[in-house]
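Chemist: Need the 3D shape of this:
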Amino acid sequence: YDILASELFGAAAETLKLFQKNNWRMDGGFLAVLHTWGRALNWHPHLHVLVSAGGRDCSSGKWRQARANYLFPVPNMSKVFGAILLGRIAALDCRSAMCWPQSLETLEARRDWRLNLATRNWNIFSRATLGNTRAVVRYLARYTSRIAISNQRIKRVDEVERTVSFEWKDYKDGEKTKEMTMGGGT
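Modeler: Next up, the predicted model:
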């Protein structure tokens, strides 16, 4: 997973640099944090990215503030990011030392996997500026220091069955609170 996480970060950086240079004519800054689970504790690797509202002007080399509506068109960014990430994943086939999981050991399996990924909607969510330094620090703290599940979400622990039941919010179903039970390892 380290290699794919690296490619995820690389694709995000490449996409942002491309959009900053093409849309703003500047080299801006950004910071990304990897988050590996969703609200239901499912495997859901994604990045939370903070993008600076300015950068080094490509022609003058001086700091320049971006315009007020500085964020990029999300549908365009989503398509470009997906293409860049898929290209990076395809390039991994050229690495002789690359160790794929058993389900992706053959070239055909990896090609089918990439074709499946290509049909996905690469969901980039963008919102307006956080406003000030304190808001930025709070935002980052939520994603860098938070544990996977807090004690108040745990509803039951069955030591005999080795399961934990917890609440989670299903945003696809009107933000309903639901309960899930997961088994533990041996």
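
Chemist: Tell me which stretches of this protein form strands.
Modeler: Assigned by DSSP state E, the strands in the chain fall at 26-37, 43-57, 63-65, 154-158, 163-170, 176-183.

Chemist: closest to residue 83 out of those?
Modeler: Ranking these by their distance to residue 83 (criterion: Cβ to Cβ) puts strand 43-57 first, at 16.6 Å. C-betas here are computed from N, CA, C, even on glycine.

Chemist: Could you say which one of the strands of the chain comes nearest to residue 104?
Modeler: If you check each of the strands of the chain against residue 104 by Cβ to Cβ, strand 43-57 wins as the nearest, at 15.1 Å.

Chemist: Tell me, what's the model's pLDDT at the residue lying farthest from the centre of the chain?
Modeler: Most distant from the centre of the chain: residue 160, at 36.2 Å, with distances by Cα atoms, centre = their mean. Reported pLDDT at residue 160 in the predicted model: 89.

Chemist: ok, now how distant is it from residue 152?
Modeler: 24 Å (Cβ to Cβ, to the nearest Å).

Chemist: In contact with residue 179, which residues?
Modeler: Neighbouring residues of residue 179 by Cβ atoms under 8 Å, 6 or more residues apart in numbering: 155, 165, 166, 167, 168.

Chemist: what number of residues lie near residue 51?
Modeler: 20 (other Cβ atoms under 10 Å).
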